[in-house]
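Student: Fold the stuff below for me.
(chains A and B)
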Amino acid sequence: MIDVLLTPVALLGRAVISATRSTGRLVLFLFDGLSHILRPPFYWRMFAISFAEFAFFSLPMVALIGLFTGMVLALQSSTGLSRFNAEAEIANLVVISMTRELGPVLTAVMVAGRVGAATAAQIGTMRVTDQIDALSTLSTNPMKYLVAPRLLAGTIALPILVLVADILGVAGGYLVAVLKLGFTSEVYLKNTLDFMTTLDVVSGLVKGAVFGLLIALLGCYNGYRSRGGAEGVGAATTSAVVVASILIFFFDYIITELFFSR
Amino acid sequence: MSTSSQNSIPKIRVRGLRKSFADKMVLDGVDLDIAAGTSLVVIGGSGSGKSVLLKCILGLVHPDEGVIEIDGEDLLSQPRKQQEVIRGRIGMLFQNGALFDSLPVWENVAFGLLAENKLGRSAAHKFAREVLAHVGLAASVGDLFPAMLSGGMQKRVALARAVAANPEMLFFDEPTTGLDPIMGAVIDGLIVDCVQRLGSTAIAITHDMASAARIGTCAAMLHKGKIVWSGPADKLLSSGNPLVDQFTHGRREGPIQMELRR
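Tutor: Below you'll find the predicted structure:
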């Protein structure tokens, strides 16, 4: 009888220990990776490649998502706001939604799917084919060569992508408002600039930097720890995207709380 | 078990090396002396701990217990930086080559020298072509990527990478696995050439008796985590040790029982 009652407690205990251990490993991995950014040598060439992967090759996808999100926001909000004769607030709603929330979150989730998965698969394949061991035998610290440049690249690239998504989101809202909803160009732009504050943009960029670090970290961590051939690499890739996506939404709330909670 | 002369300090000395993974003991007190300039071939069945032994000496796996000395210096008691310097004197040929598939062949070959900033990129490119010539590959191969090469060519490139920095010690993990007999003989010939040209001390692990006879000057057999026999390589086929005899002649019956599930 006592055993039956204790089984769920034991399962819960094991889950808590496992989660704590995983979190500890992840945090140690992060500090190790970050410390290699500060300690020379730093592999700038690897940084440039990773930065291009994060920023340049994600640009078309992020630009299109930003544009369409802004267009949909303007269209949806016009139907809602017209019930209260508050159509003038469309510009306000679009710019605040894009800069504070949708720009950073949508960009991060898309980049997690694209670059986070690719990072985990690439490093995971290197792990299971002994390429990471080979780095160690060639006087190269794998954390320094593979992880540190990616952490820095993700942290710098995401705010840039968020800014692009913000600008194109506002442009999308502008297009719908002017071409479809009958706003004049001057009024829409004036409303946008009047309502937008520096804090809106900065909070979004800070979110971008944190999300970029998370995506790079989860991609590297899962790839680095992958085991067991193709199946292990597949599991690492899935885990990198799923965990990064969950943490993006978790930290989104935390950062919003820090910036805007009263 | 000694493969060194009585009076000189062995190049590599291993004492009481133990390593287990979970509850499986892989190395159970390995003792080995390898004299400078000799080529030791380690034979043994799959899972007998041959690769783990090499990885312990290379620092890729941390042993649970034991002493590893290089030129009389206790490796494991050195600070991490010093361990890396000592291990920088070892070149390693991995079982599957472990070539960096995102880099062209020349950059793979010169990777260690580029990583340590010993050469600029154009000098490294030229140097890599010279090293490729030593393993019988045309200079034009340097500009290809590893995926474009056959298995035999990949092994040669991996050998070129292992010897590029003129290491004092060379480790070979099953160098002829997956190659046809002729290509296996070619690779063995290249290994012997490289070891003699550099005057290196070599350890090769293999299942291939023909390869063992070609590469080794001395040999040892690892069974259930222990060295059960060592002696001159040319005595492998007539050692008088029942374990070695069964293994080298590939007999089903004998003291080595394969764990087969029926």
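
Student: Can you pull out the residues in contact with stretch A:70-80?
Tutor: With contact meaning CB atoms under 8 Å, 6 or more residues apart in numbering or on different chains, stretch A:70-80 is reached by A:87, A:89-90, A:93-94, A:97-98, A:102, A:168-177, A:180-181. Every C-beta, even on glycine, is put in place using the N, C-alpha and C of the backbone.

Student: mind redoing it with 10 Å?
Tutor: The contact list for stretch A:70-80, computed with CB atoms under 10 Å, 6 or more residues apart in numbering or on different chains, reads A:86-87, A:89-95, A:97-98, A:102-103, A:165-183, A:188.

Student: what's residue A:111 in contact with, if anything?
Tutor: By CB under 10 Å, 6+ apart, the contact list for residue A:111 reads A:53-55, A:58, A:61-62, A:117, A:154, A:157-158, A:161-162, A:208, A:211-212, A:215-216, A:244, A:248.

Student: out of those, who's near chain B?
Tutor: For chain B, no contacts are drawn from the contacts of residue A:111 by CB under 10 Å from any CB of the partner chain.

Student: Looking at the residues you listed, which are in helices?
Tutor: Among the contacts of residue A:111, the members found in helices (DSSP state H) are A:61-62, A:117, A:154, A:157-158, A:161-162, A:208, A:211-212, A:215-216, A:244, A:248.

Student: Next one: residue B:106, what pLDDT does it get?
Tutor: The score at residue B:106 is 95. That number is its pLDDT.

Student: Which parts of the stretch 101-250 of chain B are strands?
Tutor: Ranges of strands in the stretch 101-250 of chain B, per DSSP state E, counting those that start in this stretch, are B:169-173, B:201-206, B:218-223, B:226-232.

Student: Determine the set of other helices and strands touching the longest one.
Tutor: Spelled out, that is strand B:226-232. When contacts are defined as 3 or more CB pairs under 10 Å, 6 or more residues apart in numbering or on different chains; DSSP states H and E, strand B:226-232 sits against strand B:24-34, strand B:39-43, strand B:218-223, helix B:242-249.

Student: The first one and chain A in contact?
Tutor: By that I understand strand B:24-34. No: Strand B:24-34 is not in contact with chain A by CB under 10 Å from any CB; minimum separation 15.3 Å.

Student: model confidence over that strand, on average?
Tutor: For strand B:24-34, the mean pLDDT works out to 90.

Student: show me what contacts the closest residue to residue B:26 other than its chain neighbours?
Tutor: Once flanking residues are discounted, residue B:26 sits nearest to residue B:49: 4.4 Å by CB to CB, 6 or more residues apart in numbering or on different chains. Contacts for residue B:49 (CB under 10 Å, 6+ apart) come out as B:17, B:19, B:24-28, B:30, B:42, B:55-56, B:205, B:222-226.

Student: Show me the shaky parts of the chain.
Tutor: Reading this off chain A. A:1, A:262 (pLDDT under 70).

Student: Sorry, I should have been clearer: chain B.
Tutor: Applying pLDDT under 70 to chain B picks out residues B:1-7, B:258-262.

Student: how is it carved up into domains?
Tutor: Here the domain parsing of chain B from automatic domain parsing is B:1-89+B:168-254, B:92-166.

Student: so which of the ones you listed gets nearest residue A:200?
Tutor: Nearest to residue A:200 among the domains of chain B is domain B:92-166; the distance by CB to CB comes to 39.6 Å.

Student: returning to what we had before: just the buried ones among the contacts of residue B:49, please.
Tutor: Neighbour counting with 16 or more other CB atoms under 10 Å in any protein chain shown marks B:17, B:19, B:25-27, B:30, B:42, B:55-56, B:205, B:222-226 as buried within the contacts of residue B:49.

Student: of those, closest to chain A?
Tutor: Of all these, chain A sits closest to residue B:55, with 7.4 Å by CB to the nearest CB.

Student: Am I right that that closest one is in a helix?
Tutor: Yes: judged by DSSP: H, G, I helix; E, B strand; the rest coil, residue B:55 forms part of a helix.

Student: isn't it right up against residue B:173?
Tutor: Yes: counting by CB atoms under 10 Å, residue B:173 is a contact partner of residue B:55 at 8.9 Å.

Student: buried stuff in stretch A:119-129?
Tutor: The neighbour-count check on stretch A:119-129 (16+ other CB under 10 Å) flags A:119, A:120, A:121, A:122, A:123, A:124, A:125, A:126, A:127, A:128, A:129 as buried.

Student: now do stretch B:116-129
Tutor: Residues B:119, B:124, B:125, B:127, B:128, B:129 are the ones in stretch B:116-129 that count as buried (16+ other CB under 10 Å).

Student: ok so, going back, what do residue B:55 and residue B:173 both touch?
Tutor: Common contact partners of residue B:55 and residue B:173 (CB under 10 Å, 6+ apart): A:130, B:92.

Student: if we can go back for a sec, so which of the helices and strands packed on strand B:226-232 is nearest residue B:159?
Tutor: The minimum distance between residue B:159 and those falls on strand B:39-43, with 14.2 Å, by CB to CB.

Student: Report the angle between the closest one and strand B:201-206.
Tutor: Interaxial angle, strand B:39-43 versus strand B:201-206 (axes from the mean of the first three to the mean of the last three CA atoms, to 10 degrees): 20 degrees.

Student: most packed of the strands of the stretch 101-250 of chain B?
Tutor: Of all the strands of the stretch 101-250 of chain B, strand B:201-206 has the most neighbours on average by mean count of other CB atoms under 10 Å in any protein chain shown, namely a mean of 26.

Student: Now do that one and strand B:24-34, the angle between them.
Tutor: Here the directions of strand B:201-206 and strand B:24-34 differ by 140 degrees (the same axes, to 10 degrees).

Student: which neighbours does strand B:201-206 have in its sheet, and in what orientation?
Tutor: Strand pairing for strand B:201-206, determined by DSSP bridges: strand B:39-43 (parallel), strand B:169-173 (parallel).

Student: Need the CA coordinates for the first one. PDB is fine.
Tutor: Output of strand B:39-43 as PDB, limited to C-alpha atoms (Å, rounded to 0.1, in the frame of the first residue of the first chain):
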ATOM      1  CA  SER B  39      55.400   0.500 -33.400                       C
ATOM      2  CA  LEU B  40      53.100  -1.400 -31.000                       C
ATOM      3  CA  VAL B  41      50.100  -3.100 -32.500                       C
ATOM      4  CA  VAL B  42      47.300  -3.800 -30.000                       C
ATOM      5  CA  ILE B  43      44.900  -6.500 -31.000                       C
END
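
Student: Now do that strand: distance to the chain's middle.
Tutor: What separates the centre of strand B:39-43 from the centre of its chain is 8 Å, taken as CA atoms, centre = their mean, to the nearest Å.

Student: Near chain A, which residues of the stretch 101-250 of chain B? Just list them.
Tutor: So the stretch 101-250 of chain B meets chain A at B:101-102, B:108, B:110-118, B:121, B:158, B:161-162, B:164-165, B:167, B:171, B:173 (CB under 10 Å from any CB).

Student: Which residues are in contact with the residue nearest to the spatial centre of chain A?
Tutor: Taking CA atoms, centre = their mean, the centroid of chain A lies closest to residue A:108, which sits 2.8 Å from it. Taking CB under 10 Å, 6+ apart, we find residue A:108 in contact with A:62, A:116, A:154, A:158, A:161-162, A:165, A:207-208, A:210-212, A:214-215, A:244-245, A:247-249, A:251-252.
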